[in-house]
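Asker: kindly return the folded structure for what I paste below:
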Amino acid sequence: MQQCFAACSQVVCVAEDTAVAFYAPKSLRKFRVERLNGARVCGVHLQVLSGGKALLHVIDAEATWFQFSVEGGAPSLVRTSSIRLPQPSPTSSAADAAAERATAECASTSGAEASAATTAASSVVVAAHFHVQAARLYAVLLTKAAVYEAALTSGTAAPTPATGTPSAVVVHAFRTAVPHGCLCVGHLTGLIVVAALHAREFFYSLFTERLSAHQPHRPPCPPLLPRIVGAQIQSVACSPTDTSVAIGGSRGELLIYVAVQEEHCFADHWHHTPLTALAFAVDGSAVYTGAREGVLLVWDLVSYSHKKVKVQLGPLQAITPFCDAGTQLLLSCGTSTLAVADLLQMRTTASAEGIEWAAEDVCTGLVVEQWRGSPAVILSGMPNVLRICDPYTQQSIYSLHVSSQMETIPSPPRHGIRFVGVVNDGRSLVTYEAFASTVLPPLLRFWEYDAVRKQHAETQTVYSPHRSAVLALEVDKRGRRVFTLSSEAMKCWVQTALTAQDTYGTAAGGWHNHSTMATPSQQVQAMALSADGSLCFVADDCLHMFSVLACKPGERWPLLRMLPQYTETQVLRHIVVAPDSRHVVAAGARHVFVWALDGRAAEEPTSVSVGDASITALCAFTATTVIAALSDTSLVELRCSCGGADNDDDGDDGARPLGAVVRRIAHASRFPLRHIAPLHAGGQRLAAADAVTGFKVLQLPSNTAGAASVYEWRGTADTDAAADGARAVAPGDGSARLQLQSFFKERSSLQDSQEETMTAHHGGALSTAQQSAQADRWLAEVLGEPAYTVPPMSSLLATYLERQM
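Answerer: Numbering: from 1, shown residues only. The predicted structure is shown next:
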């Protein structure tokens with residue numbers, strides 16, 4: 001996580017999911033956000049130059065290098081370049097393992113597609129670190145398949161970019177994929193240390209042994225050397241000045257190797273929780289450690305004694321020393337808190353809450369729902385956090401952090417919220433989460449919004465809601481019911497009011513299992529509800545339609561109809577119900593089936609083949625069409641209803657039969673899409689998520705000849721006014737002026753007679769002018785934030801009035 005932060009006396013840089021946020025170092029106040037190309041940010045690094053200037057280097061998951069010039073705290077983009085990553089050459093055992101994984105994950109795809117998907121996934125950057133050798137900047141990139149190193153700048157006094165596109169060399173190719181690896185690099189030594197999380201060994205490589213690999217003839221790098229340690233590795237840190245290495249254990253152990261080649265090390269066990277925060281001082285004279293105790297320890301590497309700095313802001317997640325001020329540290333605490341610690345005063349001098357940094361992994365699922373009156377994208381699958389993003393700015397507007405609450409477990413499991421549902425217009429949430437590689441039971445949690453804390457609080461937890469893993473979760477918004485599906489049962493969950501059951505006031509109620517129904521077979525994979533919540537569709541190799549309008553405890557759900565298909569032998573994995581509930585669409589491996597639910601409709605569906613590629617996602621697009629994402633990264637729009645004319649451009653869709661291909665968009669994304677969902681009815685934008693880069697918004701072309709592109713929000717504010725850093729409303733920004741006049745012009749008419757009398761005593765017209773100027777500055781400050789999503793104006797007015805009082 002340390003690669004997400006960089007700090008100096010001018011600016012503090014925090015890597016968000018797809019952007020870089022800039023904060024003032026003294027107040028930790030955000031003043032700018034730079035959005036990149038939509039890929040996950042994997043590493044940031046600051047280089048301080050003479051004359052009060054600095055260079056910020058950013059690398060994203062697609063190995064794209066961004067260079068910003070920071071002067072006076074204002075960043076400006078200087079250079080963008082793509083780093084060329086060669087294909088690693090693993091041993092035969094590694095090739096066999098990669099082939100087995102590709103076969104297991106892509107069983108329905110052809111061998112060529114599986115090989116291409118595996119190759120593309122292996123080139124995705126997980127973490128990026130930087131080091132300097134002979135005034136030359138190098139980047140070390142970690143993927144799931146290998147470790148790379150690339151020279152970014154030339155070896156001159158001024159850090160000028162290297163000529164041409166930077167090309168990386170393979171430092172090491174893993175025999176098996178490393179999904180969760182730890183990477184650390186010595187800033188001035190070039191020492192590379194890499195380890196798998198919770199492993200008992202790490203691998204290292206000295207830069208002197210890799211120097212020849214950067215020469216024109218490019219000989220291969222020698223293999224990494226292993227070191228066995230006596231603890232499960234939780235964190236790794238390298239000294240910036242020598243070959244010292246510090247290891248943090250999952251039980252709080254601290255191991256310090258003065259030289260990585262030496263056999264003996266210093267060991268201590270002050271921490272009793274996983275040592276997550278670990279860093280060396282900028283001069284290599286001390287080691288900083290932190291864990292869940294909320295205490296920062298400063299270890300002297302001469303006497304090996306330590307000093308304590310009480311932080312008390314939550315568990316320490318990462319420690320980042322200021323690159324030009326060795327006595328200041330940037331601390332990331334808890335789930336969303338940043339703090340600045342001064343080692344001269346031995347205390348924290350500034351802190352700020354509500355700061356979101358990049359998650360440890362990309363999202364694996366998404367849901368588009370109404371959130372506080374506007375559409376929002378809910379991202380699931382990320383470790384320990386559920387994010388709600390604005391669909392236009394693609395920035396996080398709300399985060400629900402999930403705590404494991406298992407401090408006694410040496411290796412806490414990685415939380416991953418697999419499914420999420422929104423009930424009661426966002427006031428209630430339901431989540432299903434499972435723990436990877438553990439025997440802990442899965443959890444079905446219910447959350448209610450706490451107006452005092454301004455966040456959702458957990459109200460109820462159901463351990464092991466099914467005997468097997470939950471495969472689907474759907475929400476009936478009208479009936480306020482939650483449906484879950486597993487291989488053995490379908491369950492309906494309802495909420496009852498909390499009532500006092502005895503004289504002590506013990507509350508009873510909440511969510512409970514209202515009805516249970518056995519599944520038609522053990523091969524079910526998908527479930528969907530109709531718009532009114534009266535029909536429930538469950539799919540194995542056929543489609544089963546149940547009536548759930550009045551399901552009762554102990555009674556079977558009436559099976560209204562079984563809709564078979566005779567084309568594929570594999571199970572159906574995707575279901576979409578048309579908005580009019582007259583047609584239902586299901587997708588198998590390579591076919592899309594459309595059933596008409598009218599009385600005279602034939603039982604055999606309309607079958608459409610999408611070609612050799614397999615179907616990875618399916619969603620409703622317009623009132624009469626659905627769109628399918630394929631494994632070859634293309635999109636296919638199909639007609640699924642015979643209703644009236646929709647918003648398509650051709651206008652003759654009423655004459656098209658069911659299953660007709662409306663359009664096909666090739667190469668809609670770089671990687672196959674796992675989940676897709678329309679942002680709004682009749683629009684041309686899709687919220688999409690893949691297994692590599694995570695969430696993005698696709699702008700579909702209006703015609704069939706166009707190509708899909710990643711949507712980028714550029715805002716509406718005057719760019720000239722934003723460039724000079726002023727917070728005054730731009731003269732050409734008419735929308736902000738209209739909003740200001742609409743909600744603050746008639747403020748005096750809303751006050752009672754007592755307030756009018758007080759206003760008269762404050763100078764009449766002069767006081768009104770001062771209040772208008774203050775309102776101008778306040779509204780410009782709020783609306784000037786690039787990542788800000790405007791809430792309802794009633795809340796803006798309430799906030800402004802609270803500040804005036």
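
Asker: give me the below-cutoff pLDDT ranges for the stretch 551-700 of the chain.
Answerer: For the stretch 551-700 of the chain, residues meeting the criterion pLDDT under 70 lie at 599-603, 642-655, 682.

Asker: can you map out the strands along it?
Answerer: Ranges of strands in the stretch 551-700 of the chain, per DSSP state E, counting those that start in this stretch, are 559-563, 574-577, 583-587, 591-596, 606-609, 615-620, 625-630, 635-639, 661-665, 673-678, 685-690, 694-699.

Asker: can I get these in JSON lines with mean neighbour count and distance to L28?
Answerer: All C-beta atoms are positioned from the backbone trio N, CA, C, and that covers glycine. Listed next are these as JSON lines, based on neighbours: other CB atoms under 10 Å; distance: least, CB to CB, whole Å:
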{"stretch": "strand 559-563", "mean neighbour count": "15", "distance to L28": "57"}
{"stretch": "strand 574-577", "mean neighbour count": "22", "distance to L28": "45"}
{"stretch": "strand 583-587", "mean neighbour count": "26", "distance to L28": "48"}
{"stretch": "strand 591-596", "mean neighbour count": "23", "distance to L28": "51"}
{"stretch": "strand 606-609", "mean neighbour count": "17", "distance to L28": "55"}
{"stretch": "strand 615-620", "mean neighbour count": "22", "distance to L28": "40"}
{"stretch": "strand 625-630", "mean neighbour count": "25", "distance to L28": "41"}
{"stretch": "strand 635-639", "mean neighbour count": "23", "distance to L28": "42"}
{"stretch": "strand 661-665", "mean neighbour count": "18", "distance to L28": "43"}
{"stretch": "strand 673-678", "mean neighbour count": "22", "distance to L28": "35"}
{"stretch": "strand 685-690", "mean neighbour count": "24", "distance to L28": "31"}
{"stretch": "strand 694-699", "mean neighbour count": "22", "distance to L28": "26"}
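
Asker: quick one: which of these is nearest L343?
Answerer: strand 694-699 (36.7 Å; CB to CB).

Asker: partner strands of the closest one and their direction?
Answerer: Sheet pairing of strand 694-699 (DSSP bridges) gives strand 685-690 (antiparallel), strand 709-710 (antiparallel).

Asker: can you put those strands in JSON lines and add distance to V470?
Answerer: Converted to JSON lines, the strands paired with strand 694-699 look like this (distance: least, CB to CB, whole Å):
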{"stretch": "strand 685-690", "distance to V470": "19"}
{"stretch": "strand 709-710", "distance to V470": "32"}
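
Asker: how far away is the closest residue in space to L630 that isn't next to it in sequence from V260?
Answerer: Counting by CB to CB, 6 or more residues apart in numbering, L630 lies nearest to A613, which is 4.0 Å off, once chain neighbours are set aside. Going from A613 to V260 by CB to CB, to the nearest Å gives 48 Å.

Asker: helices or strands up against whichever helix or strand E149 is part of?
Answerer: Element membership for E149, per DSSP states H and E: strand 146-151. Contact here means 3 or more CB pairs under 8 Å, 6 or more residues apart in numbering; DSSP states H and E; on that basis strand 146-151 packs against strand 136-142, strand 168-173, strand 192-196.

Asker: and the angle from it to strand 192-196?
Answerer: Counting by axes from the mean of the first three to the mean of the last three CA atoms, to 10 degrees, strand 146-151 lies at 160 degrees to strand 192-196.
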